[in-house]
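Trainee: fold the following and give me the result.
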Amino acid sequence: MAPKKPLALAGMFLSAGLVASACGSSTSSSSTTVTTGAVATTQAPTTTAPSFAATETPPTASVALQETGSTLLYPLFNLWAPDYQKAYSNITITTAGTGSGTGIADASAGTVDIGASDAYLSQTQVAKTPTLLNIPLAISAQEIVTNIPGLTGTLDLSGSVISQIYQGKIGFWDDPAIKALNPSLSLPHLAIVPVHRSDGSGDTFIFTQYLSKSDPNGWGTSVSYGTTVAWPSVSSALTANGNGGMVTTCGATSGCIAYVGISFAQKAQAAKLQVAAISNEAGKFLTPNAAGIQADAQNFISQVPANEAISLVYGPGAASYPIINFEYAIVNSAQTDANKAQAIRALLTWAIDPAHGNASSYLSQVGFQPLPSSVAGLSLAQINKIQAG
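Mentor: Numbering: from 1, shown residues only. I've put the predicted structure just below:
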């Protein structure tokens, strides 16, 4: 189960290098339609550094906001919410870690005000609720962890090998394909236990995107990607709910491999899980850190469309860590109450402001990186669409 209390996670990485100073105001020019992955998007207009002040003031009326969804984003919302409520005591924020699938579904149904998701909206979801927005709040990453007793040194795993593990084609840690990547490691003849999410998950979305892009003729054609997928039948496989469940299950299971959001890195370390180095598009093996996350993000920043639906997974470059993504707020732009619309706009603007929610004092505690100025401008433009009437 996802934790119910705010999490105080130890700082892991410094948030730096992607945010420019916020000044001036947003401007835009003409836009064009392009296709990003499976989603038709609108090419981003030209933007300058955004000005947050005009949108950051909440209403004076008392407003209760409900957020639910991504367990990867949940720890950050639990850092933001108490501080925001100290500054604006009339705004109440209730958070819940229920998985990205639930966050999207509940925001679409109107049962919550903000859905948190590691996945952007699909064409089907947009067609169902055309007024639904996916608004990036920060940049996160995912790590691949293992529980191999006695392992010393960092295990290298390629996307193709991980794909074969999750398809049941590689069943033991001393398989020749794994040994070939790790000639200096002593690997036991221990059965591999692949663990995947049981809930609709943005972590599953980006993990299966990585497998699809790194193994296009295997996983890409046979399984593909999504917040839920038709997992291949593997007799040893286990399922877990939320990032917390992934850590707990893998920690209790010898031979396990699992994918875990970076905001749970400290919990994975406490469970004595090993972080694998995974192959990027250039064939280099990396574990997640600030430099690798930023290097991969830089490949995509100029391509971010106006609706901000884009995959950041598996970018080129030797220094790029390959599993990163935007953390999205899923919000309906058509609100029925003016005070609530203003409260949502103010909170989300505060969250993307590098002087407030996007400051390293928050992001470094969960291993996230800040939005680049150009992306923050696009997010602000989307936030300003949230209106009543």
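Trainee: residue ranges with poor pLDDT in the chain?
Mentor: Scanning the chain with the threshold set as pLDDT under 70 gives 1-49.
Trainee: how about the strands in the stretch 101-250 of the chain?
Mentor: 114-117, 132-146, 156-157, 193-197, 238-240 (DSSP state E, counting those that start in this stretch).
Trainee: would you list these in JSON lines and tack on distance to residue 357 and mean neighbour count?
Mentor: For the C-beta atoms, the positions are set from N, CA and C on the backbone; glycine is no exception. Compiled in JSON lines, the strands of the stretch 101-250 of the chain are given as follows (distance: least, Cβ to Cβ, whole Å; neighbours: other Cβ atoms under 10 Å):
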{"stretch": "strand 114-117", "distance to residue 357": "13", "mean neighbour count": "30"}
{"stretch": "strand 132-146", "distance to residue 357": "7", "mean neighbour count": "24"}
{"stretch": "strand 156-157", "distance to residue 357": "34", "mean neighbour count": "20"}
{"stretch": "strand 193-197", "distance to residue 357": "26", "mean neighbour count": "24"}
{"stretch": "strand 238-240", "distance to residue 357": "29", "mean neighbour count": "18"}
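Trainee: so which of those comes closest to residue 210?
Mentor: strand 132-146 (8.0 Å; Cβ to Cβ).
Trainee: got the buried residues for the helix or strand hosting residue 78?
Mentor: According to DSSP states H and E, residue 78 maps onto helix 74-87. By neighbour count on 16 or more other Cβ atoms under 10 Å, the buried set for helix 74-87 is 74, 75, 76, 77, 78, 79, 80, 81, 84.
Trainee: report the central residue of the chain.
Mentor: residue 118 (3.7 Å; Cα atoms, centre = their mean).
Trainee: can you count the residues close to the nearest residue in space to that one that is not next to it in sequence?
Mentor: In space, and not counting its chain neighbours, residue 118 is closest to residue 202: 2.5 Å by Cβ to Cβ, 6 or more residues apart in numbering. Neighbours of residue 202 under the rule other Cβ atoms under 10 Å: 31.
Trainee: show me where the stretch 1-150 of the chain has its helices.
Mentor: 74-87, 100-109, 123-128 (DSSP state H, counting those that start in this stretch).
Trainee: adding distance to residue 206, write these out as TSV.
Mentor: Output for the helices of the stretch 1-150 of the chain, formatted as TSV (distance: least, Cβ to Cβ, whole Å):
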stretch	distance to residue 206
helix 74-87	16
helix 100-109	10
helix 123-128	17
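Trainee: so which of those comes closest to residue 276?
Mentor: The nearest among the helices of the stretch 1-150 of the chain, by Cβ to Cβ, is helix 74-87 at 22.0 Å.
Trainee: got the angle between that closest one and helix 100-109?
Mentor: Taking axes from the mean of the first three to the mean of the last three Cα atoms, to 10 degrees, one finds that helix 74-87 is oriented at 50 degrees with respect to helix 100-109.
Trainee: thought the residue nearest to the centre of the chain was touching residue 72?
Mentor: Yes. Between residue 118 and residue 72 a contact is recorded at 5.3 Å, counting by Cβ atoms under 8 Å.
Trainee: mutual contacts of the two, please.
Mentor: Common contacts of residue 118 and residue 72 (Cβ atoms under 8 Å, 6 or more residues apart in numbering): 100, 140, 202, 203, 261, 327.
Trainee: quick one: which of the strands of the stretch 101-250 of the chain is nearest residue 180?
Mentor: The nearest among these, by Cβ to Cβ, is strand 156-157 at 9.8 Å.
Trainee: what residues does that closest one touch?
Mentor: 144, 178, 181, 182, 276, 277, 278, 279, 285.
Trainee: neighbour-wise, which of those residues leads?
Mentor: residue 278 (26 neighbours).
Trainee: work out for me the element that one sits within.
Mentor: Per DSSP H and E: strand 277-279 holds residue 278.
Trainee: looking at the shared contacts of residue 118 and residue 72, which is nearest residue 315?
Mentor: residue 140 (14.9 Å).
Trainee: OK, contacts around the closest one?
Mentor: 72-73, 118, 261-263, 324-327, 366-369.
Trainee: 7 Å instead, please
Mentor: Applying Cβ atoms under 7 Å, 6 or more residues apart in numbering to residue 140 gives the contacts 72, 118, 261, 262, 263, 324, 325, 327, 368.
Trainee: residues near the fourth one, how many?
Mentor: Residue 262 is flanked by 28 other residues according to other Cβ under 10 Å.
Trainee: residue contacts, it?
Mentor: Applying Cβ under 7 Å, 6+ apart, the residues near residue 262 are 140, 141, 142, 143, 288, 366, 367.
Trainee: go with 8 Å
Mentor: Here residue 262 is in contact with 12, 72, 140, 141, 142, 143, 288, 366, 367, 368 (criterion: Cβ under 8 Å, 6+ apart).
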